[in-house]
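**Q** Predicted coordinates and the sequence they were generated for:
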Amino acid sequence: MIQETILLVDDEKEIVELLDIYFRNEGYRLLKAFDGVEALKHLREETVDLVIMDVMMPRLDGIAACMKIREEKNMPIIMLSAKNTDMDKILGLSIGADDYVGKPFNPLEIVARAKSQLRRYHRFNKDAPARGSENELIFEDLVIDIAKHEVSVDNRKVKLTPREFSILELLAKHQGQVLSMEQIYTNIWPDPFLDGGNTVMVHIRNIREKIELDPKHPRYIQTVWGIGYKLDGPS
């Protein structure tokens, strides 16, 4: 079995060393960086399966680094921050992070979240069958290739984060069916729903901005007020 590689990025060396111990005990290969610039250097030189990154760092902070990463790569990114307000979390998710964990945290929780992200990421990228029409979902000009983990609109490739792809795939496989925010959340995230509605809304908005010509008047993902979302119109 190929050893999975996790990049830990935090200017607090104690946190990096603590997480390093927990992840190595689980059999992962670890890379370490102490700011966003070092993180981007590792990503240019190494194959990385998952990034765990702090928000507040010198030289290049986590928000800017996450945006840079998302220009080229789609591996899961878990953000860490002492800033725990809903708006901080929404900002982190909006710029491409797949999860956001407040400090202080339990290292075992970070390991559990990382494992969940990696399972989903590798299921879409490696374990999907290589061929077969059932792996391609077509909604007019929107094409979702399950096997290749790719999305295109009008023959234009669209870059989605792993979590955004998971949501779009879920809606596509239940085409015409209205899914509540709780149903979407519990299918995609490992945590209890609680106040997960805002998280779902942010991800839906991000997907629309990437696949819709006019996100304010969506063609694909429809809002059913008071209930949830649906995707209609497969050809």
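**A** Sure thing, it's come through. Please read these numbers as outputs of a predicted model, since none were measured by experiment.
**Q** what's the offset of the lowest-mean-pLDDT helix or strand in the chain from the middle of its chain?
**A** Using mean pLDDT, DSSP states H and E, strand 136-139 stands out as the lowest-scoring helix or strand of the chain, at a mean of 80. Chain-centre distance of strand 136-139: 21 Å, with CA atoms, centre = their mean, to the nearest Å.
**Q** what does stretch 66-81 give?
**A** The answer for stretch 66-81 is 8 Å, by CA atoms, centre = their mean.
**Q** still on that earlier bit, elements contacting the next helix or strand after the least confident helix or strand of the chain?
**A** Sequence order places strand 142-145 as the next helix or strand after strand 136-139, per DSSP states H and E. Counting by 3 or more CB pairs under 8 Å, 6 or more residues apart in numbering; DSSP states H and E, the packing neighbours recorded for strand 142-145 are strand 136-139, strand 150-153, helix 162-173. Quick note: C-beta positions are derived from backbone N, CA and C, even for glycine.
**Q** Next, the buried residues of stretch 141-157.
**A** The neighbour-count check on stretch 141-157 (16 or more other CB atoms under 10 Å) flags 142-144, 146-147, 149-151, 153 as buried.
**Q** Parallel or antiparallel, which strands does the least confident helix or strand of the chain pair with?
**A** strand 142-145 (antiparallel) (DSSP bridges).
**Q** give me the low-pLDDT residue ranges for this structure?
**A** 1-2, 122-134, 233-235 (pLDDT under 70).
**Q** Closest to the centroid, which residue in it?
**A** The centre of the chain sits closest to D98, judged by CA atoms, centre = their mean, with a distance of 3.1 Å.
**Q** that older thread, out of the buried residues of stretch 141-157, which comes closest to Y220?
**A** L142 (5.5 Å; CB to CB).
**Q** how close does that closest one get to I211?
**A** Distance of L142 to I211, given as CB to CB, to the nearest Å: 6 Å.
**Q** Find residues that contact each of those two.
**A** Common neighbours of L142 and I211, counting by CB atoms under 8 Å, 6 or more residues apart in numbering, are 151, 153, 220.
**Q** Can I get those residues in TSV including distance to L93?
**A** Output for those, formatted as TSV (distance: CB to CB, whole Å):
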residue	distance to L93
V151	18
V153	22
Y220	20
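**Q** That concludes my questions; thank you for your assistance.
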